[in-house]
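**Q** sharing a model prediction with you, sequence too.
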Amino acid sequence: MHSGFMGDTSPEQDLVVQQFKEWIVATGIADLEKLHFDDHDVLRFCRARKFELPKIQTMFTNFINWRQSEGIDDIIETYDYPERAAVQQVYPHGHHGVDKLGRPVYIERLGILDVTRLF
């Protein structure tokens, strides 16, 4: 088995992945670091379009355009949830720090959930 880009790709596929990454940088269409994309994420786009570079580029362009049109990159700053306090009263839940390994701890108090009032 060829030890390629992600362990199971051919040299030709590795080349397409590299060309795709270079295209992203050259066009400035996106900052992969800001998107928190790693090589695996890039490879997923390539696999989704069977390593055909023009189709990969079209798919990625559509993906970036969708992120911009829906405000995905700004959602943390712009999200408005005015019902939060009312929902929290009948459905107490939320993140409560992290465990010893740094994983988020999420707690739902289902025993006191009031489904009727929630709806």
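**A** Arrived safely.

**Q** shaky segments in this protein?
**A** Across the chain, residues meeting the criterion (pLDDT under 70) sit at 1-7.

**Q** residue 106 should be in a strand, yeah?
**A** Yes - under DSSP: H, G, I helix; E, B strand; the rest coil, residue 106 falls within a strand.

**Q** please identify the helix or strand for the closest residue to it other than its chain neighbours.
**A** Closest residue in space to residue 106, ignoring its immediate chain neighbours: residue 95 at 5.4 Å, by Cβ to Cβ, 6 or more residues apart in numbering. Heads up, the C-betas are built off the backbone N, CA and C, glycines and all. Using DSSP states H and E, residue 95 maps to strand 93-98.

**Q** who does that strand pair with, and is each partner parallel or antiparallel?
**A** strand 104-108 (antiparallel) (DSSP bridges).

**Q** which residues does the partner strand contact?
**A** Contacts with strand 104-108, where a contact means Cβ atoms under 8 Å, 6 or more residues apart in numbering, come from 91, 92, 93, 94, 95, 96, 97, 98, 99.

**Q** next secondary structure after that strand?
**A** helix 115-118.
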